[in-house]
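coords below, sequence missing:
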């Protein structure tokens, strides 16, 4: 689609989001038409969010839009793709007003526009249930150049962008749990509500990385996905996992540092990129990131022994494939 | 996606639906990768169904799957596209059992497989609300060859495949409304629950039609979309609109034939194709359809006067743009 009587009703809400993309056909047809680009693959990802499940109840329409765009586009960023277009499937709850719908659409336009993404089509329905939306995002990679989970090789080095654990702390903060200084609470909540897909790092991934994944389920679970898809093992240096100043202040209040760091590394909702690269590429990787002002941290290595092993100050911890971890004394 | 912890859980449910498609990467990554096809455009459409809104409450998981596949793929059929792959966003209600999910997945595999469509990816979530699913479908057309709503020209002839009104009667029948003989009720309910996308007709659309649309909102509303997108008018001969034997038996019981025929032509859920073609192509269009054993009926003409006008046995009826019609004496 576009299509369906309801989409006609609100075409005016969504047509600005196409920003004139020919693919969208002005949202007047049932389909979008994507012209192929010689030398490029189309990379497609889709995500769904449900209010009360992936976002707290009573999240604002604007925050829902930013969350949806962020989690969906994050997958493209991690693959080294250049984002292009999106399809929206949105289910409006019966009690959403016209203003709610307008705020959602405007915020989605802003969130997509920040990354040059135009709306190609979509479908809107009403639901007696909670707000729910799916976003299918399209980007381009040079033919064969998408950086998959499956490319890690023993001997590669493991990196992560930004800082880890803020999304999980932000969820606690948004729920009113935990004890955070006022400024920390606001920063963490914002980090949870409006994740930023790391497109600034996409070119580096595309040029230098052997495997990459965005961190949605939790750092340890997601590097576990890489290990599994690549048939390798990953050794994580837990003490090296980068933390924000907010997370460092939270950590200083915790009694069991190892357990607290594990919680940050399994919490999820970070939307940073974890990636592997050959040792020979390490210097260039770090220098290109530095030149772009991007925080990039070496946090481990790829081994030939299956699974994720976690080292914290010389102690070995283990994690099962779902990211739930326990101390292995 | 695929991605998210939940998709891992049920990867076994959905991996068979990929039928080995390389695009799906074995459902082990967050994305699918689509290689371009020189000389072809990618045609994409997306639809959402919500139990209790687009399908009756307590519709079986298998019927929900067939409905979702049918309504989504129907858009590709109407554009003359060759279907290829699909992305599923599904929200399982909390009370769905593992067997319910398995039945849905198996039926979706069957419904997609009938048209050679492989699952490229998706996302699964849980919802406290009703069952909801979106399907984003991908197909291919020769470059520039997708048959849009916007190509109708004054002087063209208007056709429709199959029969009209069965979807709407089927909804009544499924609700237990109306009076239908037993066999008619079952046939109509099935028509409503499991629409068949008209890919058998796609090649003819691609080769000979100037504009086409699938009939989801109702024949009159959907030809109105064509008229509007093409900046032309359409003159519909209501008496010529083809009816199934079930609909004919229903019609024979109605007091006001004009009103009853209008109801059939505005009811929706037919998933037939309405299309326009130059008069010079009419003979070939009809003969190719006949050779394929496809019912195809001439039901009107394209004019230069904007809007849809409806003629029934010499009387003029009018319809507004939403397909709601009234007699214009």
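Great, that's in hand. The model shown is predicted, which means the values in this text are computed figures rather than measured ones.

which element is residue A:116 on?
Residue A:116 belongs to no helix or strand when assigned by DSSP states H and E.

so who does it touch?
With contact set as CB atoms under 8 Å, 6 or more residues apart in numbering or on different chains, residue A:116 has these partners: A:83-84. C-beta: built from backbone N, CA, C; applies to glycine.

Report the secondary structure state of residue A:83.
Assigned by DSSP: H, G, I helix; E, B strand; the rest coil, the conformation of residue A:83 is strand.

So the nearest residue to it once chain neighbours are set aside versus residue A:148, what's the distance?
Distances taken as CB to CB, 6 or more residues apart in numbering or on different chains place residue A:139 nearest to residue A:83, at 4.4 Å, with adjacent residues excluded. Summarising the geometry, the distance separating residue A:139 from residue A:148, computed by CB to CB, to the nearest Å, is 14 Å.

okay, those two: which has more neighbours?
Set residue A:139 next to residue A:148 and count neighbours by other CB atoms under 10 Å in any protein chain shown: residue A:139 wins out with 29 against 22.

bridging residues for the more buried one?
Here residue A:139 shows beta-bridge partners residue A:43, residue A:83, assigned using DSSP bridges.

Quick check: the gap between it and residue B:99.
The gap separating residue A:139 from residue B:99 is 37 Å, by CB to CB.

just residue A:71 next, same as before
Taking CB to CB, one finds residue A:71 at 30 Å from residue B:99.

what about the two, which has more around it?
A count of neighbours by other CB under 10 Å puts residue A:71 above the other of residue A:71 and residue B:99, at 27 against 9.

Now the common contact residues for residue A:139 and residue A:148.
Overlap of the contact sets of residue A:139 and residue A:148 (by CB under 8 Å, 6+ apart) consists of residue A:79.

in chain A, what residue is nearest chain B?
Across chain A, no residue is closer to chain B than residue A:129, which sits at 1.8 Å (CB to the nearest CB).

residue contacts, that residue?
A:91, A:93, B:50, B:127-130, B:132.

Going through the residues you listed, which ones are buried?
Among these, the ones that count as buried by 16 or more other CB atoms under 10 Å in any protein chain shown are A:91, B:50, B:127, B:129-130, B:132.

Kindly indicate which of those lies nearest residue B:58.
For the buried ones among the contacts of residue A:129, the minimum distance to residue B:58 (CB to CB) is 10.5 Å, reached by residue B:130.

Kindly indicate whether that closest one is helix, strand or coil.
Residue B:130 ends up coil, using three-state DSSP.

From chain A, how far out is it?
Applying CB to the nearest CB, to the nearest Å, one obtains 5 Å for the distance of residue B:130 from chain A.

Phi and psi next, for the closest residue to that residue other than its chain neighbours.
When the adjacent residues along the chain are set aside, residue B:130 lies closest to residue B:51, with 4.3 Å between them (CB to CB, 6+ apart). Phi and psi for residue B:51, reported as degrees, to the nearest 10, are phi -60, psi 130.

Could you list which residues are in contact with residue A:69?
Neighbouring residues of residue A:69 by CB under 8 Å, 6+ apart: A:86, A:108, A:111-112, A:117, A:135, A:197.

at 10 Å what do you get?
By CB atoms under 10 Å, 6 or more residues apart in numbering or on different chains, the contact set of residue A:69 is A:47, A:86, A:88, A:107-115, A:117, A:133, A:135, A:137, A:194-195, A:197.

could you pick out which of these are near chain B?
By CB under 10 Å from any CB of the partner chain, the members of those lying near chain B are A:47, A:88, A:133, A:135, A:137.
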